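Undergrad: Next comes the sequence, and after it the predicted model I'd like to discuss.
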Amino acid sequence: MPTVARRHHFLPQGYLAGFTDSGRKDGMLHVLDLQESRSFRTSPLNVAVEKDFKRIDTEGLPPDAIENALAPIEDRAIQAIRRVTESREFPSDEDHNLILNLLSLVIVQNPKSRRNLNSARTRVADEKLKWLVASQANWEHHLSLAQQTDEEFKGDVSYERARQFVEGRHYIIDFGNEGTLREEFRAHDELLTALGKRTWTVLVAPEDSSFITSDYPFSLVMEHGFHGHPSFLTQNTELFFPISKKAGFIGILGTPLKPVINVRADVVARMNTRVSRQADRRLFLAEDNFLAYGRGGVVTVRA
């Protein structure tokens, strides 16, 4: 029988390779764990991975069908990133689209995004249950509908018992991977459309500094001089995605920038600070230190 992949990378190893010391998958990353306040070195194989993260249990399909289906798309996007990094030029239309697809996927299919998604779905389910037992008339009406749909449904739970059950929250809401993945792919389609409305620019780092990435590798902020709550469709926002240690992709919904900008070290520091603030738990960097922005200006942070 063919081996079923159980270790699913929510950040492709090829993407993380762009932040290793050698620029290859077998290169080494410096990992800064923000929760445990520790650092260590390892390869992309051992980070940004969760067991059965994209597993499905659908008849006729292997459990790792999603993981295998996404691999060629991710590989093509990584090749596009490498071409941008090496050429220091804005990508072709095809490569541009591939990079945006990868960005959309790593945003929606991410443990942090999944927690937020399922938290929202749980709140909706809780509200529906509360409404169901808000009155005895509500409860009896829907009990009657359930009995009409399923003749074997006994429906012998009293309204008072159901109300106590819901109000005491004596239940656990669990979401299967298939339903969660469907929601994530739906969100991916919507997000990709939103990303396509932005004007994108390649930021090229100078020789003496490098971009970092994280386990939640993007940052969304208001443009300088504007205030509000940024979203993917909010005007005057900047969305930054580090694509390698020497290149970043920034999308503006507002005043556009030039297609390619060779930035100074202080701009790299600002982008690194944004990435570190957005991280779920870990930062990934090529060296044992990176530039960030503090109150006194640019500072060196050691892993």
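TA: Yep, that arrived. Residues are numbered from 1 along each chain as shown.

Undergrad: buried set for stretch 244-256?
TA: Neighbour-count burial for stretch 244-256 flags S244, K245, K246, A247, G248, F249, I250, G251, I252, L253 (criterion: 16 or more other Cβ atoms under 10 Å). Where C-beta positions appear, they are placed from N, C-alpha and C, glycine not excepted.

Undergrad: Surely the fifth one is in contact with F240?
TA: So the one you mean is G248. Yes. Using Cβ atoms under 8 Å, G248 is in contact with F240, at 6.0 Å.

Undergrad: residues shared between the contacts of the two?
TA: Shared contacts of G248 and F240 (Cβ atoms under 8 Å, 6 or more residues apart in numbering): M271.

Undergrad: P242 should be in a strand, yeah?
TA: Yes. With DSSP: H, G, I helix; E, B strand; the rest coil as the criterion, P242 is located in a strand.

Undergrad: Can you pick out the most distant pair from the buried residues of stretch 244-256?
TA: Farthest pair in the buried residues of stretch 244-256 (Cβ to Cβ) is K245 and L253. Separation: 26.1 Å.

Undergrad: Going by distance to S231, which of the buried residues of stretch 244-256 wins?
TA: L253 (9.6 Å).

Undergrad: Keeping just the C-alphas, turn the least confident helix or strand in the chain by mean pLDDT into PDB.
TA: Lowest on mean pLDDT, DSSP states H and E among the helices and strands of the chain sits helix 136-149, with a mean of 88. Extracted in PDB, the C-alpha atoms of helix 136-149 (Å, rounded to 0.1, in the frame of the first residue of the first chain):
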ATOM      1  CA  GLN A 136     -40.900  26.700  24.700                       C
ATOM      2  CA  ALA A 137     -42.700  27.500  21.500                       C
ATOM      3  CA  ASN A 138     -39.400  27.600  19.600                       C
ATOM      4  CA  TRP A 139     -38.400  24.300  21.000                       C
ATOM      5  CA  GLU A 140     -41.600  22.500  20.300                       C
ATOM      6  CA  HIS A 141     -41.900  23.900  16.800                       C
ATOM      7  CA  HIS A 142     -38.500  22.600  15.800                       C
ATOM      8  CA  LEU A 143     -39.000  19.300  17.600                       C
ATOM      9  CA  SER A 144     -42.100  18.800  15.500                       C
ATOM     10  CA  LEU A 145     -40.100  19.600  12.300                       C
ATOM     11  CA  ALA A 146     -37.500  17.000  13.300                       C
ATOM     12  CA  GLN A 147     -40.100  14.400  13.900                       C
ATOM     13  CA  GLN A 148     -41.700  15.000  10.500                       C
ATOM     14  CA  THR A 149     -38.300  14.600   8.800                       C
END
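
Undergrad: Specify the local secondary structure of the spatially most central residue of the chain.
TA: Nearest residue to the geometric centre of the chain (Cα atoms, centre = their mean): I107, 2.5 Å. Three-state assignment for I107 (three-state DSSP): helix.

Undergrad: hey, where'd the strands end up in the stretch 101-250 of the chain?
TA: For the stretch 101-250 of the chain, strands defined by DSSP state E, counting those that start in this stretch occupy the ranges 199-204, 213-214, 219-222, 237-244, 247-253.

Undergrad: Pull up the pairing partners for the second one, direction included.
TA: Strand 213-214 has these partner strands in its sheet, going by DSSP bridges: strand 282-285 (antiparallel).
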